[in-house]
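Chemist: next one to model:
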Amino acid sequence: MKNKVLLYITILGAMAFNGYSQSGGIKKADKQYAKYAYIDATQTYERVAAKGYKSADMFQKLGNAYYFNAELEKANKWYGELFAMGGDIAPEYYYRYAQTLKSAGDYAKADQMMVQFNQKASADLRGQIFKDKQNYMDVIKANSGRYTIGDAGINSKYSDYGSSFFGKKLVFTSSRDTGSFAQKKHKWTNQYFTNMYAAEIGKDDSLSNPVKFAKSINSKFHEATPVFSKDGKTVYFTRNNYNDGKKGKDANKITLLKIYKATLKDSTNWSDATEVPFNSDSYSTAHPTLSADGKTMYFASDMPGTHGQSDIWKVTINDDGSFGTPVNLGTGINTEGKETFPTITDENELYFATDGHPGLGGLDIFMSKVNADGSYGEPQNIGTPANSPQDDFAYLIDTKTRKGFLSSNRTGGQGYDDIYKFTETRKLICEQVLAGVVTDLETGEILAGAKVTLMDDKFNKIKEVTSDAEGKYDFGTVECGKIYYVRGEKETYETKEQKVTISKETGKTDLPIQLEKKVKPVTVGDDLAKAFGIKIIYFDLDKWDIRSDAALELEKILDVMKQYPMMKIDVRSHTDSRQTKKYNQKLSDRRAASTIDWLVANGVDKVRLTGKGYGETKLVNKCADGVQCTEEEHQANRRSEFIITGL
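Modeler: Numbering: from 1, shown residues only. This is a model prediction of the structure:
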């Protein structure tokens, strides 16, 4: 059941072929194509093409028939013929041609097609994502080499895919049951209809003895992609729209896909399958997967609200077994292409197959981290060898052992689709935990109840926590290799910010915070910033506006002046030695004025403030005119000081 190609599968009767004229052959092929009988259609079209007949419509349909059947290299040939003819070609064919070029290894030409696709369909997310991530091959290369992978040992010459853990068994989908002489083949793929099978998982992770699973809920059409509840008593699976011996059809008389639910009666028998309530005869739902707590189902569908050919959706499963309203995961995950075969792990990692995000060709497996607030991180291509230039999908992993299975129709397999076993040797996303203890600087006393704030490198607030009874705080996971700022605050203590650079390897960053008591003896003539441990207010080269980091320090100056309402200060601003003395004098005057203006704008009475610029007359280091210095050394001179003139 190659419904990863398009989400729905048609159920067709046999179609006879008794010879044709050239025009008659085209008409017959068009009828076969219209009924999704792609195997019959391609054979007919190719016989006509072999006689020298050329038609943009025929080349489109030949390319599509192979494209929808995931035979991308064959589709590439006919899309190439289409583009060789020239003329007005719909934007979607630039996208499909790019996908098939990737399967043939021609990534440079594929990227050219994607550039043109984006120009012709600028609102399409697939083109926008490509434009923003033209270095996608570098990203894939960086994410590659993390798997050892091999044949799962249970594949047949037919289609085998879509597995799920069930105790010590692996339950998977297969079309290997050729049945009796009358067993029907699916006209879309020329494969037999699929059933679910179960194989024993050995101690060495080998699979053996595949046998038909859940015969009581198998029908004469497709059953596929099961997932089991934590207690093993409920199974959700995909089936053609088939109930009580009758096929359901949409307005075009096509039998689509639905998700069904069955319950275990005893050790081997499952109760009659029933539909989930958000199914419809008018659209497909398929490939269910469950969150670790069993309270959320993720699935693929082309229901109303879908952005592309199929999207990933989720729905709440209530305590009484009823369902909420399905929710689309949004454009961070879904595109105008195909997103399908979701898997959600107990580590809140969402894996799914897509051809809408930049990949190696066909469907690639991507992972998105589900954040604590329910949002989704940027999807990451999991790299080779898990992904290939062909279709790769149905990712399944045991997060404890890092072993699992995926499905693919890559070159070298035994059948139409095959199941591969893998071991993940390195996690895709580097994760660091940022935590620490808040203490008194002088006494080392544990400080409970301190507010600790995490900010990014632009000082935007990310998260806020409170230290516990042992003074401990914990921000959980943060991104590896990034710079953060951490602010510690507690009543009667000075606020303190610390810069921390997170390691690029998975692990834990321990950041202790030591806070200093606010009560400090100060006298006229003291530098307020030095007395209260406030950083120097720096300025950018040739600028006098207040930077975001400077504003944070000025907040501290403001706080101290509010604590000491009689305090007066003299703002003294300085420059480095570059530019002329006259220019630097004017620049420093502007810096002093902008600093005073900021304090006044934030509530300080102007009568408490004086200020003056000193140009380059009071350098703090050797960096005078003509002396070669680093930018960091020059930066030390571009500053403001706050001298107490009254208390």
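Chemist: which residue sits closest to residue 150, ignoring its sequence neighbours?
Modeler: On the basis of CB to CB, 6 or more residues apart in numbering, the spatially nearest residue to residue 150 that is not a chain neighbour turns out to be residue 421, at 6.0 Å. (C-beta placed from N, C-alpha, C; glycine too.)
Chemist: same question, residue 209
Modeler: Once flanking residues are discounted, residue 209 sits nearest to residue 200: 5.3 Å by CB to CB, 6+ apart.
Chemist: and the pLDDT at the one you found?
Modeler: At residue 200, the model reports a pLDDT of 93.
Chemist: and for the one 3 residues further on?
Modeler: As summarised for this prediction, residue 203 has a pLDDT of 82.
Chemist: before we move on, what about residue 246?
Modeler: According to the per-residue confidence, residue 246 scores 67 in pLDDT.
Chemist: same deal with residue 33?
Modeler: Residue 33 is assigned a pLDDT of 54 by the prediction.
Chemist: switch to numbering from 20
Modeler: Happy to do that; since the first residue is 20 now, the last one works out to residue 52.
Chemist: bridging across strands, which residues link to residue 167?
Modeler: Taking DSSP bridges as the rule, residue 167 bridges to residue 442.
Chemist: residues near it, how many?
Modeler: Neighbourhood size, residue 167 [other CB atoms under 10 Å]: 12.
Chemist: can you pull the contacts of it?
Modeler: Shown in contact with residue 167 (CB atoms under 8 Å, 6 or more residues apart in numbering): 441, 442, 444.
Chemist: which of these tops the neighbour count?
Modeler: Looking at the contacts of residue 167 with neighbours defined as other CB under 10 Å, the largest count falls to residue 441 at 21 neighbours.
Chemist: scan this structure for its longest helix.
Modeler: When the chain is scanned for its longest helix (criterion: DSSP state H), the result is helix 600-620.
Chemist: in that one, which residues are buried?
Modeler: The neighbour-count check on helix 600-620 (16 or more other CB atoms under 10 Å) flags 603-604, 606-615, 617-618 as buried.
Chemist: can you give me the mean pLDDT across that helix?
Modeler: Confidence over helix 600-620, taken as the mean pLDDT, stands at 88.
Chemist: export it as PDB, just CAs?
Modeler: Provided in PDB are the C-alpha atoms of helix 600-620 (Å, rounded to 0.1, in the frame of the first residue of the first chain):
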ATOM      1  CA  LYS A 600      40.300  65.300  19.100                       C
ATOM      2  CA  LYS A 601      37.600  67.800  18.100                       C
ATOM      3  CA  TYR A 602      35.400  65.100  16.700                       C
ATOM      4  CA  ASN A 603      35.900  62.800  19.800                       C
ATOM      5  CA  GLN A 604      35.000  65.700  22.100                       C
ATOM      6  CA  LYS A 605      31.700  66.200  20.400                       C
ATOM      7  CA  LEU A 606      31.000  62.500  20.300                       C
ATOM      8  CA  SER A 607      31.600  62.100  24.000                       C
ATOM      9  CA  ASP A 608      29.400  65.000  24.800                       C
ATOM     10  CA  ARG A 609      26.600  63.200  22.800                       C
ATOM     11  CA  ARG A 610      27.300  60.000  24.700                       C
ATOM     12  CA  ALA A 611      27.000  61.800  28.100                       C
ATOM     13  CA  ALA A 612      23.800  63.500  26.900                       C
ATOM     14  CA  SER A 613      22.200  60.300  25.600                       C
ATOM     15  CA  THR A 614      23.000  58.500  28.900                       C
ATOM     16  CA  ILE A 615      21.400  61.300  31.000                       C
ATOM     17  CA  ASP A 616      18.400  61.400  28.600                       C
ATOM     18  CA  TRP A 617      17.900  57.700  29.200                       C
ATOM     19  CA  LEU A 618      18.000  58.000  33.000                       C
ATOM     20  CA  VAL A 619      15.600  61.000  32.900                       C
ATOM     21  CA  ALA A 620      13.200  59.200  30.500                       C
END
